[in-house]
Each structure stands twice: as structure tokens, then as C-alpha cells.
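Undergrad: Need a 3D model of the sequence below.
(chains A and B)
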Amino acid sequence: MKPLVYLAHPRLDRSEISGPLFEAARQTEGITCVDLYATYPTFEIDVAREQRRLVDHDAIVFLHPIYWYSAPSIVREWQDLVLEYGFAYGKHGHALDGKVTFNAVSCGALETSYRPGGGNGAHLRDLLMPFEKTADLCRMRYLAPFAIYGAGRAVEEDRRKGHLAAWQGLLTALRDERLDLRAAHAALTLNDIAASHAAKPETA
Amino acid sequence: MEILAAGFVYLVAAVVAVPIADRLGLGSVLGYLIAGVVIGPVLGIVGHETVELQHFAEFGVVMMLFLVGLELQPAMLWRMRTQLLGLGGLQVIGTTALIAAVALAFGLVWQAALALGMILALSSTAIVLQTLNEKGWMQTIGGKSAFSVLLTQDIAVIPMLALMPLLAVGGTHGDDHGTDAHGHAAPTAFDALPDWAQALAILAIIAAIILGGRTVMRPVFRFIAEARLREIFTAAALMLVIGIALAMNYVGLSPALGTFLAGVVLSDSEYRHELESDIEPFKGLLLGLFFITVGAGVDFGLLFSNPAGLVALAVGLMALKAAVLYGLATAFGLGGADRWLFTLGLAQAGEFAFVLFGFTLGAGVLPAELVSTMTLVVALTMLLTPLLFILHEKVLAPRSVTSADRAPDEIDEAGTVVVAGIGRVGQIITRLLITNGYKVTVLDHDPETIDNLSRIGFRAYYGDATRPDLLHSAGLETATLFIAALDDRDKQTALVRHVAHSYPDVIIHARALDRHHVYELENAGAHIAVRETFEAALSMGRDALVALGNHPFRAETARRTFRAHDHRQLDALHATWTAEGVSASYIDAMRAHSQTLFDLMKEDRLDSFDRSDHGWTPPPKGDANL
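TA: All right, here's what the predicted structure looks like:
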């Protein structure tokens, strides 16, 4: 399977999670990586080029921090422009049928906050519903999000290495078709599944 | 004809020997010395007239100190004060003391021992700086430390020149060469003045250099620059240096000190690079001539009477100097390869020793036999230096810990930009870069613009940016990015071609006058060429669409579509465009492309659903899928 990772982070110079995760993806063989803000600094997205990219890949991953319970605005611009009628959806729009998609996100709040009754009042997966419904409309297979909670303190708490190992494990499992897509769709997050694919520290 | 013939001999010797020495990794100083040895003692073509020639050639040293001064902005000196006073000062004082002690043990009187210590404490700026630059070691910790020490030594020459006469033994003033660049002039009206008036005159001249440099020279240079006569600017630069040297001679001070001061005063000025480029060739030739005369004066009889003893002296001298340097490097925390570079690189004696030897001889500080012996020893240490650099590079540096685990350098040089031409285009680029914290060096040939820019704090320098030497002194070697923004079409293309050829590592962005100029510049080697009017015209076009009643975002989208199409067209037509001009096939291709755009826009206006019109297009009304 050929995964495509879209990074959306407008301030990479200050990024502690998304940047390193993107870098790790670039170091991984067989993963195509596109930095959206770098490719389209003026938001002038080349629709034809991005549609070709989608056709050429089997799994589309959006890597970004959570902004206002969604993604940074260039992802929305990308959706508005690239997911065209007749290409992604509509009677003759079957270009994306069956492709896998999910969000890999960093959140400021802790996991306990993303629960019914918690500070954010709902599971992350439920808050990302617009992405899931978009995927459904384009007949894609939506997977649960891969989430790094409490991202602002991951470096200080020495968690980043673990997150990176899980992320790389997830990407390689996806690439090598070892990922259980049914379980990945059913889960609340991909975190446990990713961790089970992470390379053991001593063999890494 | 006599002069021409003699000059021809020297030139032939230099032209043959220097490139060969350089190719062999020995450096130009050794090349000149060898050339001198060949035409002097070996072939006997030149004889005793070299002594007189040497006094003339010493003027090269005066020019060299002017250039050293030009390099030393007061602010930079202040930043480097710990390095200069600590590392450099200790090297000069420590080595002087150690060598003087050894000389005393050999039975010299203390004055001679001290003079010898000071002279031999100096290293060879010419050899070391050139090697550091050639090998790319200038930015290593070892290279930077070596540079600080060399700088301190260059400055220390001035007090040394002043001290030498005081060390004269028994007042045997051999005041035999009338216009010695360093010695006292023949008795003048000045000597008739009473002491207090002499002191006053000296102070007045120094004050005149400093104040004159600050207030008078800039307008004068500006006035000359406005005439746009390059040779007159060169003449003015020479006039300045020679005039100051004469004035200093008149009051019995070192001309080198005077021109050095003038250099420091002018180092802040916008004419610095131009002055540097103008004086540099004269300095180079005169210094070269000076080294040739030193080589021609080598006493072969002496060398062959006791070769082992001389070599032992040279090696012993280098060992002494290296011991001091190694100790200092350790004390100042230099490790591994850096410590070895610093220790081995500065262990030789330098070209200033030849100058100072000549001077001490004149002043009667050192006996003549000792001077001719030590001249040979100094030359030998310089001959050994390239071997030490090779030892460092091939043996010691690879073994030492690499720079991977040392603290990151201060980012002094990174991200530097040189902008050529600061007209309407260059100014905007420069302001944007500076407000984002980048170091920008600006070159322009309009004195008025340069003046205005310097006033508001730009690092702007006067000069014709198409001159290779000026580009070099503006620091293109270490620059990351070069922006060519001249308004003269052909000069701009020539400039880009030269930079692309001579500095292949520098990224080149160029201002283009029109689309054909884009092709010319790209062919010349520009990485990015931008039409100067294109973006502005597009903006005006969008504003026109808005004024005509289009929704602003619709107008902006039209601007983007047009811009993208035009860029595609520009790229596509490059192949059909020929440098000779516009061919028929080019016109055909151009017409075809314009037709495409016209069709594209027409379809757009018909508002039909079409895949060529991407962006925010709603699904057709009858779709039941929603």
C-alpha cells in the first residue's frame, strides 16, 4: 500500500510534535510526504497536481495539530478545492473509492479531557466527525485518529521517542498491509494498535 | 631602458615562480622568495641594486597596513577584545619573552635579545591567512583563533616600529637610506622646530588623519565617485596613502602607523570595499617585489657554510613558538584538530620579520651578521610551514576528535546576502531581508544612494558591482545568496554569468527586465529570474477587475489563474526561444499559448461546468447524490 502523508502546520519552526513526526515519515521508505504550507504558501493549491497524487496513493494521512477541533485552515482549503465533484464524489466521482484515510493529530489537552463529561465533552474521534463524513461521502475507509495528547509537554515528559516509534510502526504496518483495517476503523484511537506495531527500543 | 629591463627580470621571475609555488601548495610568499633566490644568488642576474629596490618595495608594507586597518572596523575590534588581548596579547608577550631569554643565553645584549624576540614572535599573516582561506578552515575555532592572533600581531607591529629606535645600542644610527619607508626622513625644517612644537605637530597630524578621515575624506571620495572615473578614484586612493606616509615621515613617525590609522578610520565608510580593491593590486605587487628582494639578498655562502646549524635554528625557533601556542590553545580551551591547527599554523616567523630586520639594521639594533643569519632562518621556517599544514591536514586532524561534539559556532557568517544594485527593486528586497534579521551587503555605483542608505544603517558600499575584485571583497565567497538587481540589462546578464561561473555554490536570484531577459538570465546561470514589473502589473489588473464590479475574491482568483498560466507559458517557450532573437517558431508557439488562455477564460465566463475551471465550483443542480 502506498501511503501519502500531508503535513499541515503553519509554524513548523515552533513545532515539537508535528515537525518531528513528519521528519520521521520522510525517513521511512515508501512513504510520500507533502508539506502543504511549504508547497502552497499562498494557498494557491494546484488542484490537478493534488488529484494526481491522490490517484497515485492508497492511504491519505493528514498530520496536523488540532486547531479549533479541526485542522489548520489549509486542510479545509485543500478539501474545498481538491475533493471535486466528479472526482471525489458524485455520480462519476470514484477516484478515491476504497482508499484509506485518517488524521494523525497532536492535542494540547490530555486524553481524560476528550471524553464525554471531560473538558472537551466528547471523544476526539467524535469531534473529528466532519473528516469521517467527508471520507464516507468519497467512499473512503476512515480509520480512528492517531492522537498525541498533552502534546505541549511531550518533550518535557520525555514521551516523544515513544510517540515517534508508535507513529513509524503505524506507517510501516500500513505500508506493508499488516494493519488490521477493521479494528483500526472500530477503535476510538489508533494509539494502542500503533504501539503494538512500534519497533522494540532495543532492536530500533 | 635599464629600468624596463630590470622590471622585466623581476616580473618574469614572479610570473614563473609564483604560480608554480602556488600549485605545489607552498603559497605565493614562498614563490616570491624562491623567485628572488633564483634571479639573485643562483643566476646572478640582479645584484646590489636590490637593496635600494627593497626600500622602495617596503612601501608595500605601508599599503598592507592600510588594508589591515580597513578590515578592522572599531566595532569588530571591540567584539574581539578578549581574543585579541588575551590570546593574541599573551602570544606576542610570551613568545617575545621566551625567545629573548634564549637569545640572552646565547650571549646577546638585552636590547638585541628583546628586539629579536619581538621580531620572531610575529607569524606570517600572508601565508597563514591564505592557507586558512584556501583550505576552508577560516570558520573553525582553530582558524578563528589563529586569525585573532595574527590580527594582534599586525597591530603589535606598530608599537614595535616605535620601540626599535629606543633599543639602539650605542647610538650607531645607520641613517643611510634617505626615504626609507619606516625610518626617519632626511633632516627637514621639522627638525629645526623646538621640541614642544615637534610634539604639537605630531599630535596635529594624527588628529588631522582621524578627523580628516571622518569628515573630509568621505565627501571628497563622494565627489570623485560622482565623476564616475574609475582611474581617478584609484589615483585618489593612492594619493591618500602616499600623502599620509609623507606626512608621517616628515614628523619622524612610522608611515605604517599613519596609514593604519587612516585605514581604521575609513573602515566604517561606504567606500571601504572600493578602496580595498584599488589599493590591493599595488600592495600585492610591491609586497611581492619586497619578498623577491629578500630572496635575492639571501647569503648563499652563509647557508652552505653551516646548513645543519641553520636548519637546527629554524626548527628550534618553531618548536619554541609552537610550545607557547600549544600552551595558550590548551589554556583557552581549544581541543583536538583546532589546537593542532592553531599550534602548527602559527609556528613560523613572518614577512614582517624581513621588514623589521631591515629597520633594526638601519637603527643599529642588531648586528649585520645576525640579521643575515636570522633572515635565512625566518625564510626556512616559512618554507617549512606548508609541510606543517600538510601534516595537520593528513595526519593530526583526522585522528583528533571531529568537530561533531563541540559547541556550535557563533552564527557569524551564515545566511549572508549580497545585493548588487540598490535601485527600486534592490531596496525593497534588502529592506525585507534586513527586517527579518539577515545580514545584507549592498553594492551600488550611485554615491548619493549609498550615502542615504548608510545614513539609515544599511551596510552599503560604493562600487561597480560588475567588477570581480569588488564582488570578492564584498564577501561573495561566504555568501549564501546573491541578488542581482542592476537596471542595466546587459550588465545584469554579464554579472549573473560571472557570479555563476566564479561562485558555483552561491544561489543567484536575478531581476529581469522582460520575459526574454528571463531566458537570458537563466541561460547565464540565474536560479530564479523574476520580471520586475510582472507582479505589480498583475496586482493592478486585479484592482481593475474589482473596479469594474467583480467580487474581489473572484478578481484575485482570476489574477492567480492568469499568473499560473503565464508562468507555464514562460517555461514552455524557453526551449523555442533563441538567444539571437525571436524566431518564427517562437512566435507561433506564443500565439498558441495565448489562444489557450483566451479559451480558458472564455469558458470560465460562460460558467459552464468544466474541469479546467477548478475551485469552489458547486455540483450541478440536478445531482441526486446529495
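Undergrad: ok, residues contacting the lowest-mean-pLDDT helix or strand in chain A?
TA: Between all helices and strands in chain A, the lowest mean by mean pLDDT, DSSP states H and E belongs to helix A:191-197, at a mean of 92. Contact partners of helix A:191-197, identified using C-beta atoms under 8 Å, 6 or more residues apart in numbering or on different chains, comprise A:146-147, A:166-167, A:169-170, A:172-173, A:178-180, A:183-184, A:187. In this view, the C-beta of every residue, glycine as well, is placed from N, C-alpha and C.
Undergrad: Next, give me the two most distant ones among the residues you listed.
TA: Across the contacts of helix A:191-197, no pair lies farther apart than A:147 and A:178, at 20.9 Å, counting by C-beta to C-beta.
Undergrad: Looking at those two now, which is surrounded by more residues?
TA: When neighbours are counted by other C-beta atoms under 10 Å in any protein chain shown, residue A:147 and residue A:178 differ, and residue A:147 comes out ahead with 24 against 11.
Undergrad: which SS state does the closest residue to the more buried one other than its chain neighbours fall under?
TA: Once flanking residues are discounted, residue A:147 sits nearest to residue A:189: 4.9 Å by C-beta to C-beta, 6 or more residues apart in numbering or on different chains. Using DSSP: H, G, I helix; E, B strand; the rest coil, the structure places residue A:189 in coil.
Undergrad: What distance do you get for residue A:189 to chain B?
TA: Taking C-beta to the nearest C-beta, to the nearest Å as the measure, residue A:189 falls 31 Å from chain B.
Undergrad: Please give the number of neighbouring residues around that residue.
TA: One way to gauge burial is a neighbour count; for residue A:189, by other C-beta under 10 Å, it gives 22.
Undergrad: Show the contacting residues for it.
TA: For residue A:189, the set of contacting residues under the criterion of C-beta under 8 Å, 6+ apart consists of A:124, A:125, A:144, A:145, A:146, A:147.
Undergrad: Name the helix or strand for the closest residue to residue B:17 other than its chain neighbours, please.
TA: Once flanking residues are discounted, residue B:17 sits nearest to residue B:35: 3.6 Å by C-beta to C-beta, 6+ apart. Secondary structure assigned from DSSP states H and E places residue B:35 in helix B:28-37.
Undergrad: Tell me how many other residues surround the residue nearest to residue B:17.
TA: A count of neighbours around residue B:35, defined by other C-beta under 10 Å, yields 27.
Undergrad: What residues does it make contact with?
TA: B:10, B:13, B:14, B:16, B:17, B:18, B:292, B:295.
Undergrad: any idea how far it is from residue A:75?
TA: Here the criterion is C-beta to C-beta, to the nearest Å. By it, residue B:35 lies 70 Å from residue A:75.
Undergrad: nearest to residue B:432, of the contacts of helix A:191-197?
TA: Of all those, residue B:432 sits closest to residue A:167, with 36.9 Å by C-beta to C-beta.
Undergrad: Can you give the contact residues for the helix or strand hosting the closest one?
TA: Under the criterion of DSSP H and E, residue A:167 resides in helix A:160-175. Taking C-beta under 8 Å, 6+ apart as the criterion, the residues outside helix A:160-175 that touch it are A:1-3, A:5, A:16-17, A:20-21, A:24-25, A:28, A:30-31, A:59, A:61, A:100, A:104, A:146, A:148, A:154, A:178-179, A:190-191, A:193-199, A:201, A:204.
Undergrad: Repeat the analysis, applying 6 Å as the threshold.
TA: By C-beta atoms under 6 Å, 6 or more residues apart in numbering or on different chains, the list of residues contacting helix A:160-175 from outside reads A:1, A:3, A:21, A:24-25, A:28, A:30-31, A:59, A:148, A:154, A:179, A:194-195, A:197-199.
Undergrad: who does the strand or helix carrying residue B:151 touch, helix- and strand-wise?
TA: Residue B:151 belongs to helix B:141-163 when assigned by DSSP H and E. Applying 3 or more C-beta pairs under 6 Å, 6 or more residues apart in numbering or on different chains; DSSP states H and E, one finds that helix B:141-163 makes contact with helix B:336-345.
Undergrad: Pull the number of nearby residues for residue B:453.
TA: Residue B:453: 21 surrounding residues under other C-beta under 10 Å.
Undergrad: Please confirm that it is located within a strand.
TA: No - the assignment for residue B:453 by three-state DSSP gives helix, which leaves it out of any strand.
Undergrad: Would you map the helices across chain A?
TA: Using DSSP state H, the helices of chain A run over A:18-27, A:36-39, A:47-56, A:73-82, A:124-127, A:129-137, A:160-175, A:181-186, A:191-197.
Undergrad: Run through chain A and note the low-pLDDT ranges.
TA: Regions of chain A meeting the criterion pLDDT under 70 cover residues A:200-204.
Undergrad: Any residues of it in contact with chain B? List them.
TA: If contacts are counted using C-beta under 6 Å from any C-beta of the partner chain, the residues of chain A sitting beside chain B are A:44, A:47, A:81, A:85, A:90.
Undergrad: repeat that for 8 Å
TA: Of all the residues in chain A, those in contact range of chain B (C-beta under 8 Å from any C-beta of the partner chain) are A:44, A:46, A:47, A:48, A:80, A:81, A:84, A:85, A:86, A:89, A:90, A:91.
Undergrad: Generate a PyMOL selection restricted to the buried subset of those.
TA: Restricted to the buried members of these, where burial is judged by 16 or more other C-beta atoms under 10 Å in any protein chain shown, the PyMOL selection command reads as follows:
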select buried, chain A and resi 44+47+81+84+85+86+89+90
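Undergrad: okay, the angle between the helix holding residue B:151 and helix B:336-345?
TA: Using axes from the mean of the first three to the mean of the last three C-alpha atoms, to 10 degrees, the inter-axis angle of helix B:141-163 relative to helix B:336-345 is 30 degrees.
Undergrad: that's a strand at residue B:530, yeah?
TA: Yes - in this structure, residue B:530 lies within a strand as judged by three-state DSSP.
Undergrad: where's it relative to chain A, distance?
TA: For residue B:530, the distance to chain A (C-beta to the nearest C-beta) stands at 15 Å.
Undergrad: Next: residue B:45.
TA: 66 Å.
Undergrad: just residue B:33 next, same as before
TA: Remark: distance between residue B:33 and chain A (C-beta to the nearest C-beta) = 53 Å.
Undergrad: Find me whatever residue is spatially closest to that residue, sequence neighbours aside.
TA: With C-beta to C-beta, 6+ apart as the measure, residue B:295 is the residue that lies nearest to residue B:33, at 4.1 Å, once sequence neighbours are left out.
Undergrad: Quick one: name whatever helix or strand follows whichever strand or helix holds the one you found.
TA: Residue B:295 belongs to helix B:272-296 when elements are defined using DSSP H and E. Going down the chain from helix B:272-296, the next helix or strand is helix B:300-305, by DSSP H and E.
Undergrad: so residue B:531 bridges to which residues?
TA: Here residue B:531 shows beta-bridge partners residue B:512, assigned using DSSP bridges.
Undergrad: hmm, which of the contacts of helix A:191-197 are the buried ones?
TA: With burial judged by 16+ other C-beta under 10 Å, the buried subset of these is A:146, A:147, A:166, A:167, A:169, A:170, A:172, A:173, A:179, A:184, A:187.
Undergrad: and the gap between the closest residue to residue B:42 other than its chain neighbours and residue B:371?
TA: The shortest distance from residue B:42 to any residue other than its chain neighbours is 7.7 Å, reached at residue B:300 (C-beta to C-beta, 6+ apart). Per C-beta to C-beta, residue B:300 is found 16 Å from residue B:371.
Undergrad: Tell me which of the two has more neighbours.
TA: Set side by side, residue B:300 and residue B:371 show more neighbours around residue B:371, with 19 against 12, by other C-beta under 10 Å.
Undergrad: quick one: secondary structure of the more buried one?
TA: helix.
Undergrad: Now do the contacts for residue A:185.
TA: Contacts for residue A:185 (C-beta under 8 Å, 6+ apart) come out as A:141, A:142, A:143, A:144.
Undergrad: quick one: buried residues of the helix holding residue B:295?
TA: The neighbour-count criterion (16+ other C-beta under 10 Å) identifies B:272-280, B:282-296 as the buried residues of helix B:272-296.
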